[in-house]
Every structure is written in structure tokens, then in C-alpha cells.
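In: everything below, folded, please.
(2 chains)
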Amino acid sequence: MKGFLKILSFMALGLTFVPSIIVLVGKLDVDVYKTMMILGMVLWFFTAPFWIFERKSNA
Amino acid sequence: MGIKRWLNFEEAKNVDEFEREPVPKSHVKDFKSFVGLVAGEHIAGTEFVIGPLFVLHGVAAGDVFLGLLVGNILATLSWTLVCAPTAVKTKVTIFYQLEKICGFNLVSIYNFLNGLLFSVSAAAMIGVSASAIGLLIGVKGPGLTSLYPDSFSWVLIIMMVGAVIAVVATFGFETVARFSSLFAPWMPLVFLASGLAMLPALGVTGFDNFWHIAQTKIWTGVPIEGATKYTFWHIVIFSWLCNNANHIGLADMSIYRYAKKPTYGLASGFGMFIGHFMAWIASGILCALALQSGNANPTPGEIAFMGAGIAGLVCVVVAGWTTANPTIYRAGLAIQAMLPSMKRWKITVIVGAMATVMACFPIIVSKLDQFLGLYALVAAPVGAVVLVDIFIFPRMGLVSNLAEVRNMKFNFSVAITWVLAMASGYALYSYLELDFYFFMALPGWIMAAFTYTVAGYIQQRIFVTNTTQEAV
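Out: Numbering: from 1, shown residues only, chains lettered A, B, ... in the order given. Got it, this is the predicted structure:
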């Protein structure tokens, strides 16, 4: 389950960053890019908290 | 579950932050904790102010890239070679270490100034976050020169933001680091994406014409009317010394005392190159676009919204939080050192409330650069004193931690050093008519190191020895 959530989190980061490259090369509208940024943000905040706090013991 | 744990106040009351003892080996943190914390801390809403500052002051494109590269390398080295080794050797906060050196009465003055200036800094972050939330929900905040808040809704937003920050800081280093780590991977991508996505609007069509557009439309080398011209050296010194209180001033001993090795200071590089390189470049690009659109004085919220829409606004809110959390945490530690019998969590709540109240008054927030400059003048000499006391005095056969050893409440050699270094820094600043106080942090730091070495030698070899002989 956590592995799946991690994949979704990385997809969220992809949704946050990749559209800007597509805008840069002129293949995506700025409004669509901003909507994809919102989707990326929501996906990140709903998936990352479930795995990102895991920490190896460092004692 | 994580959020429930954050809000468990019983746990907050029992958090031991080792305010007056070395951090035990069992509590050291891994490198990743520091990366998350500093990456979050150095990507603040104010990055949307500093990047544009360089554009408005007419820095040339080559100067901004090269200056940021050199300045951020110097800042990272300052954390790695000055702050982290001192923190790892002592494992205590700057406040407790300084008390051992200069005595409770003198350190209380330093702690009071620290607590106050950290609170002002946190208030500014709360204000920036609140302005973004205001844009998001349609509540217009007061202008930066207003004396008082002009609506109840605005005060409510400030209180909400301040409450989140104070609560997170109350739970101590572990929670502050965790809170930052949640946002650390996402925030830099928002900055980077917004900078890249807005390049075509400035005329960039590919790598081939980026540099030409950068030189002619972004960092043109020509300041706007009424602004002074910034050069390569402004950028180097700004990026190196804007956090001087934290690295050469050793305020970040509070953080790096949890490090296993001094090399963990290299984690600061993530904060510097993401927050003070990439984010400043990205916000500079957005500022150039705002200027092109006719907005000569864009706010952080407006810039972020233009570059990334609602995600940009949320990024500004989060960036304010993740910077204010460790700031309030440090302010709590500073005041706690003055009032050792009072619990840190209670003090942190009080400091958080104080910062929240200050954030309601925009005039305080708008003077942030002057407060930070003042803090640089105050903090840098103190870092030099601690460094000399720990690493140089033993080599000279002098006693370290003299106040603790001699049970002194006020060490005059430290007081003289502090006053002389601050006075000479201010005099040099006035004489050279510089743009920022913190340009004088390095001369102040060097002056303090030299003066304390001499003053400490005279104190221990002449005054203390004579007193000891008379006592014998």
C-alpha cells in the first residue's frame, strides 16, 4: 500500500514539474499547466504524509 | 495519525530539547533530517521578494549567476567549517554555550535581542503567508506602510497562520524537521516550474535565446528609476551573508548540535542552492514578467499566483510556515535560556503569540530588512567570540568557558569585544554608505575574533591571575 502511495506521490511531483517544460517548449497552454499544478499539489498532500515521515533508526 | 500526534499537547509538554545539557548520542539525527529542515527553511515566501530585488536594482545576468554561485558556496562552507564543527563539539545551543563564556547577566541581553529579532523575522513570514491566503480567499490585506490591520478578517487569517506555526514549533526540533520534510520536495519544484513556464511569455523559445533574453529583458544591468545599481559583489555578499547570524554568528548551533558529524553542515547547500539560487533566479524571471505587464511593485503572492496559479499561492503560505517554524523554535530557546525554570513549550507558545500579534502590524513587517541587518551586527561578533573561546583559547593555554569556571555573571572581555565589534561595523557601514547592515557582518566578525583574543588574554593572564594570587 505504501509503495503505491509513494508512486502516486512521485506522480504528483511529476504533475507539478513536467507541465512547465511542456509550456516552455510551447506545447501546453498556461491555464492547463496551472490546473495540473493544482492536481499535483492535492495528490502530493494526500499521499506523501503516509510515507514521508518514516525514518530509519539512527541511534 | 501524524497530525494527531502533532496535536498531542501532553507529548509537547514532555519534549526534551536539551536546553541546558549536551544532546546525547541517542538523539542525533541523520543527514536527511537536516536536508529536509534547511531545504524548507531557506525556501521562504521572502524569496519572492529577494529575486525581484536583484532585477529592480539592475544586476547584470552574468553577475547574478556567478555572484549567487560564489556567495552560496561561501555560505555553505561557513556552515560546514564554522557552525557545524562548533555545534558538534559542544552539542549545546549557542545560548547555553555563550552563558558559560560570558555569564548569565550578559547572555541575557543577547538572548533578549535574539528572541525579539527572531520573533520579528517570524512575524514577517506569518505576514507573507497571510497575504497569500488573503489573495486566495479574496481578503485584501493592509498596505506595507499601514500602521494597523484594517479588517477583522485579516486579523483572523494572521491568527490562524500564527497558531499553526506556534503549535508546530512547540513540539520541538523533531516535529519542526518533520513538518519541513513534508513540503521540502514539493516547494522547490513549484518555484522551478513557475520560472520555466513563464519564460516563453518573455520571449524565450529555447536554450539558444535564453541568455539573450536574460541579458536584455530580465537582468538587464539597468536599475529601475530611483534604485541603486547592484553589482557582482552585492550578489556575492548578499547571498553569503544574508544568513550570517545563522552560520558565522553560530545561531544554527541550536540545529546542528543534533548532527553526528561536522560534515552535516553541507546539508545547508541544499537550502542555499535551492532557496537562494534557483528560487531567486525563478522569482527574478517572474518579476521581469510583472514589470513587462506594468506591475512595478509586485507582492510575493501576486508573483507566485502569476507563475503557478493557486499552487503558487499555497507554496507561498507553506514557505512562510516552514521558515517561521524553526525561527519560532530558536526564539523559544533564546528566551528559555533567560528563564531556565520555565518550560520551553510554554515560552514557545508565548513567543509564537507575540510574533502573531506583531504580524498584524504591517509597518513592523515592512522593516524586516532593517531588523535582519541589525541582527547581523548583533550576532556575528558573538559567533566569533564562541569560536575563539572553544578553538583558540585552549591552544593559547587560556581557560575556555571562563564565566562557568569562575562563576562570573558578567564577563567584561566579552562585553568590550561585543560593543567594539558592533560599533566598528556600524561606523564602517556609515562611512562606506553601504546598502545593508549585514555587509558589515564579516568585518564585525573579524574585529570580534581579534579583540576577544587580545581581551581574553589580558583578562586571564593579568586580571584573573592577579586576583587568584591575591586570593591565595
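In: can you tell me the closest non-neighbouring residue to residue B:159?
Out: residue B:356 (6.0 Å; C-beta to C-beta, 6 or more residues apart in numbering or on different chains). From N, CA and C alone the C-beta is placed, and that goes for glycine too.
In: which pLDDT value belongs to that neighbour?
Out: On pLDDT, residue B:356 comes in at 91.
In: doesn't residue B:158 make contact with it?
Out: Yes. Between residue B:356 and residue B:158 there is a contact at 6.2 Å, judged by C-beta atoms under 8 Å.
In: shared neighbours, the two?
Out: residue B:126 (C-beta atoms under 8 Å, 6 or more residues apart in numbering or on different chains).
In: ok, residue B:97 - contacts?
Out: By C-beta under 8 Å, 6+ apart, the neighbours of residue B:97 are B:90, B:253, B:386, B:390.
In: how about a cut-off of 7 Å?
Out: Counting by C-beta atoms under 7 Å, 6 or more residues apart in numbering or on different chains, residue B:97 touches B:90, B:253, B:386.
In: what of residue B:262?
Out: Per C-beta under 7 Å, 6+ apart, neighbours of residue B:262: B:80, B:84-85, B:88.
In: how about the residues of chain B that lie near chain A?
Out: Counting by C-beta under 7 Å from any C-beta of the partner chain, the residues of chain B close to chain A are B:2, B:26, B:28-30, B:178, B:181-182, B:185-186, B:189-190, B:192-193, B:196-197, B:199-200, B:308-311, B:314.
In: so where is chain A shaky, pLDDT-wise?
Out: A:55-59 (pLDDT under 70).
In: regarding it, what is its longest helix?
Out: helix A:2-24 (DSSP state H).
In: which parts of chain A sit against chain B?
Out: Residues of chain A lying close to chain B by C-beta under 7 Å from any C-beta are A:13, A:16-17, A:20-21, A:23-24, A:26, A:30, A:33-34, A:37-38, A:41, A:44, A:48-49, A:52-53, A:58-59.
In: distance of the nearest residue to residue B:339 once chain neighbours are set aside relative to residue B:99?
Out: Among residues not flanking residue B:339 along the chain, residue B:347 sits closest, at 6.7 Å (C-beta to C-beta, 6+ apart). Plainly put, residue B:347 is 16 Å away from residue B:99 if you go by C-beta to C-beta, to the nearest Å.
In: more neighbours, those two?
Out: Neighbours per residue (other C-beta atoms under 10 Å in any protein chain shown) separate residue B:347 from residue B:99, with residue B:99 holding more: 26 against 22.
In: ramachandran coordinates for the more buried one?
Out: For residue B:99, the backbone dihedrals (degrees, to the nearest 10) come out as phi -60, psi -40.
In: can you tell me the centre-most residue of the chain?
Out: Because you didn't say which chain, this covers chain A. For chain A, residue A:12 is the residue whose C-alpha lies nearest the centre (C-alpha atoms, centre = their mean; 1.7 Å).
In: shaky segments in chain B?
Out: By pLDDT under 70, the low-scoring segments of chain B are B:1-17, B:143-146, B:172-174, B:365-366, B:369, B:437, B:464-472.
In: center of it - which residue?
Out: The centre of chain B sits closest to residue B:243, judged by C-alpha atoms, centre = their mean, with a distance of 5.0 Å.
In: tell me which stretches of the stretch 201-350 of chain B form helices.
Out: In the stretch 201-350 of chain B, the helices defined using DSSP state H, counting those that start in this stretch lie at B:207-213, B:232-241, B:253-256, B:268-273, B:279-292, B:300-338, B:344-359.
In: among those, which is nearest residue B:168?
Out: Closest of the helices of the stretch 201-350 of chain B to residue B:168 is helix B:300-338, at 5.0 Å (criterion: C-beta to C-beta).
In: please state the offset of that closest one from the chain centre?
Out: 12 Å (C-alpha atoms, centre = their mean, to the nearest Å).
In: tell me what angle it forms with helix A:2-24.
Out: Taking axes from the mean of the first three to the mean of the last three C-alpha atoms, to 10 degrees, one finds that helix B:300-338 is oriented at 130 degrees with respect to helix A:2-24.
In: check which element follows the longest helix of chain A along the chain.
Out: helix A:30-47 (DSSP states H and E).
In: contact partners of that following helix?
Out: Contacts for helix A:30-47 (C-beta under 7 Å, 6+ apart): A:5, A:8-9, A:11-13, A:15-16, A:19-20, A:23, B:186, B:193, B:197, B:308-311, B:314.
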